[in-house]
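Colleague: coords please:
(3 chains)
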Amino acid sequence: MPDQPLLELRGITKRFPGVLALSGVDFTLRVGEIHALLGENGAGKSTLIKVLTGVHPAEEGTITLAGRRVAPASPKEAERAGISTVYQEVNLIPALSVAENIALGRQPGRLGFIHWRAMRRHAREALARLEIDCDVDAELGSLSVALQQMVAIARALDLRARLLVLDEPTASLDEKEVAELFKVMRRLRGEGLGIVFVTHFLDQVYAVSDRMTVLRNGQLVGEYVPAELPRLGLVSKMLGREVKDEVGRTQPSDTMGAKVETPLRDAAVPRPAGTVLLEAKGLHRRGAVQPLDLQLRPGEVAGLAGLLGSGRTETARLLFGIDRADGGSLILKGQSVRIGSPRDAVRLGLAFCSEDRKTEGILPNLSVRENLIFALQAKQGAWRTLARAEQERLCDHYISALRIKTADAETPIRNLSGGNQQKVLLARWLATRPELIILDEPTRGIDVGAKAEIEQLIAKLRADGLSVLLISSEIEEIVRNCARVLVLRERRPAGEIAGAEVTTERLMQKMAGHA
Amino acid sequence: MKRNLPLLATGAILLVLFGAAAVAYDGFLSSRVIVNLFADNAFLGIAAVGMTLVIFAGGIDLSVGAVIGFTSIFTATLITGRGLHPAAVWPMAIGLGAVLGALMGTLVHVYRLPAFLITLAGMFLARGMGFWLNTESVGISHRWYDALANFDLAIGDAVHVPAAALLLLGVVLVGYVVGHHTRFGRTLLAIGGNEQSALLMGLPVGPAKIAVYTLNGACAALAGIVATVYTSSGNASMGIGLELDAIAVVVIGGTLLTGGRGHVAGTLLGVLIFGTIQAAILFDGRLSSWWMRIVVGALLLTFILLQRIFVRRKS
Amino acid sequence: MKRHSSLLWLAVGLILLVAYNLVGNPAFLKISVQDGHLYGVPIDILTQGSRTMLLALGMTLVIATGGVDLSVGSVVAIAGAVCALLLNSGTSLVVTLAAAVGVGALAGGVNGTLVARLGIQPIVATLILMVAGRGIAQLICGGQVIIIDRKSFEFLANGFVAGLPVAPLVVGGLYGLTHLFLRRTAVGLFVEAVGDNETASRFAGLAAARVKILAYVFCGVCAGLTGVLTAANIRAADANRAGENAELDAIFAVVVGGTALTGGRFSILGTFLGALLIQTLAATMYFRGVPPAVAPVPKALLILAVSLLQSEKLRTWIASHWRRKEGAV
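Modeller: From the prediction side, this is the model:
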């Protein structure tokens, strides 16, 4: 019974305009199994989940559930087939009661009239199955996120689910709540349910899952049993960087990623000792990152590394004044400063290239020129308007310096490729002549050539005396570019590595939680 | 308990307002005044019940006042001008209101157009069509109208409840059952709460949205018919600006204007608050009618700010 | 590209409408000189349309930031009432005008603060003043239509300068100034950026909330000036009727003019043409003997047609249909 396959995905392929999100991925879930689905950004986890739950039907490949072929075309069809999902952000209705949330859309009753008593009783039973104690008449929004999560699970199971997908359920739970969730997961496993567990907390993977499947760049890396693959090995699978194992033989490194032959990082470059541009002391924010210290120096590329969800972007947002810190201090050139908004940050000479180009970076319908001069113009204010000639000079300069491919400066930026949009955004910040530039995943989702160019640009900025803080999930990008790296792990600083110590192995050890 | 807090707040405001008026003006605390609170605001209340359901779903309908005007002149023209029987005309009028609502709902949902813009266009359309039928007021004299005008339900000796008030109570009751005890009503609240979640939960979002605009169109038409009974005439200019009063009443009744949270019974309380202010201004004689709008605006501001704080604290 | 095509459509619509009028009324475009003043249908359209144009000018900026201001009609009434109050108590014209502008700015400030600082939906936030504003105007007027007997005041709406009507001149001037101001300074860029992607513009260091508030203040000022023109036109402050449904005409003019309700790119020229189209439509119906009360019907159809044309869904549907047909051939 236990090894009997419940769900089999074979050769799943899914394309989005310009991206091959999944390419021939296989996945097998057995009866009574908790199966962790792992991978970094862009690995294809969420696409695979969406294929499974009918949000984005696959183009190729087959889904077999308990021996029967299924092809869910909508979440509702998937639910009917026995595939239920609980998403990261609880997709329930906070203003309605617990009982209603469990029953919504299939409330007991006749002719559309709701039989409230039956509905409440039913909800109580559904929660009792999970051993959850909560008032079914309470408004969902008044419960803790953990309890809301449980209600969502109760709703999912209520559909006679055979397979439960938990998409990052633990992202906002504390340790006690996670333990509670695991108890429920194990109980359900005991009942013969198959659970797909998507998470990026490795400790939790090892604590609860029976098997793990790793995806990378839309492809299957492999299926593993936790006991047979230690944490460091898992991280290397996720990142696609093989490490020397105990025996000492080197496994072939994969060929993904940019080939940048010239060593950009030069640990031997002498830098003025002691000068610190920006220093953060004990900076923290609840739910984002635990207190951390950080020193950024002119003429240095510092790295912020960690797995997805480790608090990298959150740290950058605190530095740039997007989110308010709960505590800690910032010292800029020896002076204590308060950065309450991006506007403050820009005025102090900071720049921040967000990882989310589309929603936090580009002004999609405005031209390349307008996007490029925007930060400088915002910094100067409305009254000190950049003359059109000056704007065009800046555009010409950066379009040729960064080799931005665009028909002309008046093209709307949304018509550019991702890499060229990214270059325009870099130019936007460089035009403000910043002293510190924070680059959050500057090479994500752009082609190999543009990647190399952006890395060369980073080297040049360092040579020009800028301070650069680089955030990247691509571990070799960090190794290639950074002289000093702060590693974050599960929203905590996990140590700093500098100089010759900055190697793939050391970084992965830190990220995986080895000393 | 907590979820009924806005409802209780509205109830308390009604009691305070009514109490203050009762103390200030002789004869305010009488069964006649109370009955008239219902009767005089019957068509506002009926339209507001439909509006409540639309707002439940996070929508808005600015056409209701114009639909009332159109229905009233349409009804009067057919009964007085064409000699048709009300029993035939009323269903036609309600059907037309429903059709207009369905059209607007379809445009809003299928073509993802902003509800306020589409229903504004609906308002222009209905108002223009009404004036096209007749720019003048048309009187109605029909047996049924006389009977309805003279009808009242006597409770004891002193209290006589006219037909309009009864109808209002009936519509509120139906609205309450639909909004709070049917799958449809709960689906509306779910859509208003989070349309994306509602879709992922497999709820029939599109049909429900179109249906609620249809229902609201029918409600507005019914309100228009009640208006013809109340005035024994039809007039295309009836109900100008009534959509704003209806929205105000819904919000004062504790329904979140962004959708997802509210109570049909609250809307009745909102109508009564509206009526009490109106009656108090009338009783006073020194206070002018414009204080009505200013007080309603102030209440609206208060409630919207309170809702904002409420929602912020939640998130 | 798209910007120009929507302007082109507008121009075509306008020309067709004028052509339709010329068929029934060859004198439609005739302008004559009487007593040294220009007269004729086009002059009437410009004069009568100047108020909608002015309101739509302010509305353009608010809509470009992704908002909407429903209260402008009520602000028109308040500003008119303030004018009546001040002028009839002997205040000078300049002070009166300043007061009307100030009242508009105040109203816009309130709306903008509710929207940008408190995060209330624009429709909801401006609804408050839409409801209460007319009451405030009536309060100022004491519930009556107040006659304003001041020649210099009436001149603003109905006078002529060098044979040209004053109101369209003033409004045209404001259009020109606004256009220059927005395009010569970075303010226009800031407004479009906030409407296009508010988060991105904030992350790039723009004080997005301030930009939004200023858009509402500008819209309020335009409404205040429209109140002046409205009162001057009828030589009276009518708190009940002044600016009635004016917000709708203004929104329609902006939308027809090609500025999307979702915000972003705006077109001042488009708004001007949109307002002109609406006023020409009104004049057409007048000449065709359509009672003014029925006039909303074609307006409603126009706005429905334009909204549908702007709907992404319909566009893609038509595009795919078109391609299929081409493929078949």
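Colleague: drop to CA atoms for contacts and neighbour counts, all remaining ones
Modeller: OK.
Colleague: which SS state does whatever residue of the stretch 1-150 of chain B ends up closest to chain C fall under?
Modeller: Scanning the stretch 1-150 of chain B for proximity to chain C using CA to the nearest CA identifies B:G128 as nearest, at 4.1 Å. At B:G128 the chain is in helix, as set by DSSP: H, G, I helix; E, B strand; the rest coil.
Colleague: quick one, grab the pLDDT at the residue lying closest to it once chain neighbours are set aside.
Modeller: The spatially closest residue to B:G128, leaving aside those adjacent along the chain, is C:V294, at 4.1 Å (CA to CA, 6 or more residues apart in numbering or on different chains). At C:V294, the pLDDT value in this model is 81.
Colleague: any idea how far C:V294 is from B:G130?
Modeller: When distances are taken as CA to CA, to the nearest Å, C:V294 and B:G130 turn out to be 8 Å apart.
Colleague: those two: which has the busier surroundings?
Modeller: Taking neighbours as other CA atoms under 10 Å in any protein chain shown, C:V294 and B:G130 compare with B:G130 leading, 27 against 22.
Colleague: tell me which residues touch the more buried one, please.
Modeller: By CA atoms under 8 Å, 6 or more residues apart in numbering or on different chains, the contact set of B:G130 is B:69-71, B:73-74, B:236, C:294.
Colleague: from the residues you listed, which land in strands?
Modeller: Secondary structure of those is defined by DSSP state E; no position falls in strands.
Colleague: which among the residues you listed gets closest to A:L159?
Modeller: Distances from the contacts of B:G130 to A:L159 were compared by CA to CA; the smallest belongs to B:T71, at 46.1 Å.
Colleague: list the contacts for the residue of the stretch 151-300 of chain B found nearest chain A?
Modeller: Using CA to the nearest CA, the closest approach of the stretch 151-300 of chain B to chain A is made by B:T182 at 4.3 Å. Residues counted as contacts of B:T182 (CA under 8 Å, 6+ apart) are A:112-114.
Colleague: how far away is the closest residue to it other than its chain neighbours from C:W317?
Modeller: Taking CA to CA, 6+ apart, and ignoring the residues beside it in sequence, B:T182 has A:F113 as its nearest neighbour in space, at 4.3 Å. With distances defined as CA to CA, the gap from A:F113 to C:W317 amounts to 38 Å.
Colleague: who has more neighbours, these two?
Modeller: Applying other CA under 10 Å to A:F113 and C:W317 shows that A:F113 carries more neighbours, namely 17 against 11.
Colleague: would you agree the more buried one is in contact with B:G185?
Modeller: No. Under the criterion of CA atoms under 8 Å, A:F113 lies out of contact with B:G185, with a separation of 9.6 Å.
Colleague: thinking again about what came up before, the residue nearest to B:G128 touches B:W132, doesn't it?
Modeller: Yes. Using CA under 8 Å, C:V294 and B:W132 qualify as a contacting pair, with a distance of 5.5 Å.
Colleague: what's the residue most central in space within chain A sitting at in phi/psi?
Modeller: Using CA atoms, centre = their mean, the residue of chain A that lies closest to the mean C-alpha position is A:L308, 4.6 Å off. Note on A:L308: backbone dihedrals following degrees, to the nearest 10 are phi -50, psi 130.
Colleague: where does the chain have low pLDDT?
Modeller: Just so you know, I chose chain A. For chain A, the stretches with pLDDT under 70 are A:1-3, A:18, A:41, A:172, A:241-274, A:514-515.
Colleague: to clarify, I was referring to chain C.
Modeller: Applying pLDDT under 70 to chain C flags residues C:1-5, C:322-329.
Colleague: which residues in it form helices?
Modeller: With DSSP state H as the definition, chain C shows helices at residue ranges C:2-24, C:41-64, C:72-88, C:93-112, C:122-141, C:151-158, C:166-184, C:187-196, C:198-203, C:208-234, C:246-256, C:268-287, C:296-310, C:312-328.
Colleague: what's the spacing between the helix or strand where B:A198 lies and its chain's center?
Modeller: With elements taken from DSSP states H and E, the one containing B:A198 is helix B:195-200. Between the mean C-alpha point of helix B:195-200 and the mean C-alpha point of its chain there is a distance of 28 Å (CA atoms, centre = their mean, to the nearest Å).
Colleague: tell me what the helix or strand following it is packed against?
Modeller: Using DSSP H and E, the helix or strand that follows helix B:195-200 towards the C-terminus is helix B:205-231. Helices and strands in packing contact with helix B:205-231 are listed as helix B:42-56, helix B:64-76, helix B:86-110, helix B:143-150, helix B:183-193, helix B:195-200; criterion 3 or more CA pairs under 8 Å, 6 or more residues apart in numbering or on different chains; DSSP states H and E.
Colleague: end to end, how far does stretch A:410-423 reach?
Modeller: One end of stretch A:410-423 sits 16 Å from the other (CA to CA).
Colleague: neighbouring contacts of it?
Modeller: Residues outside stretch A:410-423 that contact it (CA under 8 Å, 6+ apart) are A:357, A:362-369, A:371, A:402, A:404-406, A:442-443, A:445-447, A:450-451, A:454.
Colleague: out of those residues, which end up buried?
Modeller: Neighbour-count burial within the contacts of stretch A:410-423 applies to A:357, A:362-369, A:371, A:402, A:404-406, A:442-443, A:445, A:450-451, A:454; the criterion is 16 or more other CA atoms under 10 Å in any protein chain shown.
Colleague: narrow those to those in helices?
Modeller: For the buried ones among the contacts of stretch A:410-423, membership in helices holds for A:368-369, A:371, A:450-451, A:454, with DSSP H as the criterion.
Colleague: now those in CSV, with distance to chain C?
Modeller: Converted to CSV, those look like this (distance: CA to the nearest CA, whole Å):
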residue, distance to chain C
A:V368, 13
A:R369, 11
A:N371, 9
A:A450, 22
A:K451, 23
A:I454, 20
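Colleague: contact residues of the stretch 51-200 of chain B facing chain A?
Modeller: By the criterion of CA under 8 Å from any CA of the partner chain, the positions of the stretch 51-200 of chain B lying close to chain A are B:181-184, B:186-187, B:189-190, B:193-194, B:197-198, B:200.
Colleague: what do you get if the cut-off is 7 Å, keeping everything else the same?
Modeller: By the rule CA under 7 Å from any CA of the partner chain, the part of the stretch 51-200 of chain B lying against chain A is B:181-183, B:190, B:193-194, B:197, B:200.
Colleague: what comes up buried for the one helix or strand in chain B whose mean pLDDT sits lowest?
Modeller: Using mean pLDDT, DSSP states H and E, the weakest-scoring helix or strand in chain B turns out to be strand B:152-155, at a mean of 77. Of the residues in strand B:152-155, those buried under the neighbour-count criterion (16+ other CA under 10 Å) are B:D152.
Colleague: contacts for the helix or strand containing A:G222 next, please.
Modeller: According to DSSP H and E, A:G222 maps onto strand A:219-224. For strand A:219-224, contacts defined as CA atoms under 7 Å, 6 or more residues apart in numbering or on different chains pick out A:22-26, A:211-215, A:237.
Colleague: show me which of the residues you listed are buried.
Modeller: Buried by 16+ other CA under 10 Å: A:22-23, A:25-26, A:211-215, A:237, out of the contacts of strand A:219-224.
Colleague: what about those residues, which are in strands?
Modeller: Judged by DSSP E, strands contain the following of those: A:22-23, A:25-26, A:211-215.
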